[in-house]
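Colleague: Predicted structure and sequence below. I'll ask about it afterward.
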Amino acid sequence: MRVMSVLLSLCVVASAEVKNNWMYFESNASVVANFSLGYYAVTKGEKWEGVSVDGNGVLVRCGNKKSAEVAAEFVDGIDVVNVIVTQHGIEPLPHELHFAVFGNLTLTTNQKTYTCTNFRMGQGHFTDYDNWWLGSTKCEVTPTTHKMTCVCDGGKLEFHSEDKKDKIVVLPA
């Protein structure tokens, strides 16, 4: 019986699917993104393969099972005024997330480079699509505008949610 339990556990872990989870940053000019990972949170038992960047996109490769524990890690130390979501849901903060990454987000646009330190991004799920949550203690949302302004190295940067599940517009503030 014990051998069977071990084999079943191994099968469950081995079957966890790794997905490509892209977040794209757009602007009125070209955007180049970079993300320096400090740490991450992923639902227990899910695979983690890391973070990479390509052009204006940040790719997180990991499993996509959501949990309240990951959301709790994401919101730790921030409030609703520090967070924006890419595709609007009804909740001001995430209650469950697939994963969250924490580190420094660097965006180059309009011939200027901005580094948003202590930045976090997490992916959740709302109805039939995955959405992204972004935030930092150095960011503040303007109520009813779907706009978040962040104080970054290099200046202020605005993040505009335009109701696209995996894209956000960034503009100099």
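Modeller: Nice, thanks for sending it over.
Colleague: Now do the helices in this protein.
Modeller: Using DSSP state H, the helices of the chain run over residues 2-15, 68-75.
Colleague: just flag whichever of these has the lowest average confidence.
Modeller: If you rank the helices of the chain by mean pLDDT, helix 2-15 sits at the bottom with a mean of 34.
Colleague: what's the angle between the longest strand belonging to the chain and helix 68-75?
Modeller: Secondary structure of the chain read by DSSP state E shows that its longest strand is strand 112-126. Calculated by axes from the mean of the first three to the mean of the last three Cα atoms, to 10 degrees, strand 112-126 forms an angle of 150 degrees with helix 68-75.
Colleague: was I right about Asp153 contacting Lys112?
Modeller: No - between Asp153 and Lys112 there is no contact under Cβ atoms under 8 Å: 11.1 Å. (C-beta placed from N, C-alpha, C; glycine too.)
Colleague: Okay, now the unreliable bits of the protein?
Modeller: Residues of the chain meeting the criterion pLDDT under 70: 1-16, 88-90.
Colleague: Can you tell me which residue sits nearest the middle of this protein?
Modeller: Met121 (2.3 Å; Cα atoms, centre = their mean).
Colleague: Identify the residues contacting it.
Modeller: 23, 35, 58, 60, 100-101, 105, 132-134 (Cβ atoms under 8 Å, 6 or more residues apart in numbering).
Colleague: Tell me where the chain has strands.
Modeller: So, for the chain - with DSSP E - the strands run 19-26, 31-42, 48-54, 57-62, 83-85, 99-109, 112-126, 129-135, 139-142, 147-152, 155-160, 167-172.
Colleague: Could I get those in a markdown table, plus columns for distance to Pro92?
Modeller: Converted to a markdown table, those look like this (distance: least, Cβ to Cβ, whole Å):
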| stretch | distance to Pro92 |
| --- | --- |
| strand 19-26 | 20 |
| strand 31-42 | 20 |
| strand 48-54 | 26 |
| strand 57-62 | 23 |
| strand 83-85 | 8 |
| strand 99-109 | 17 |
| strand 112-126 | 13 |
| strand 129-135 | 10 |
| strand 139-142 | 9 |
| strand 147-152 | 13 |
| strand 155-160 | 16 |
| strand 167-172 | 17 |
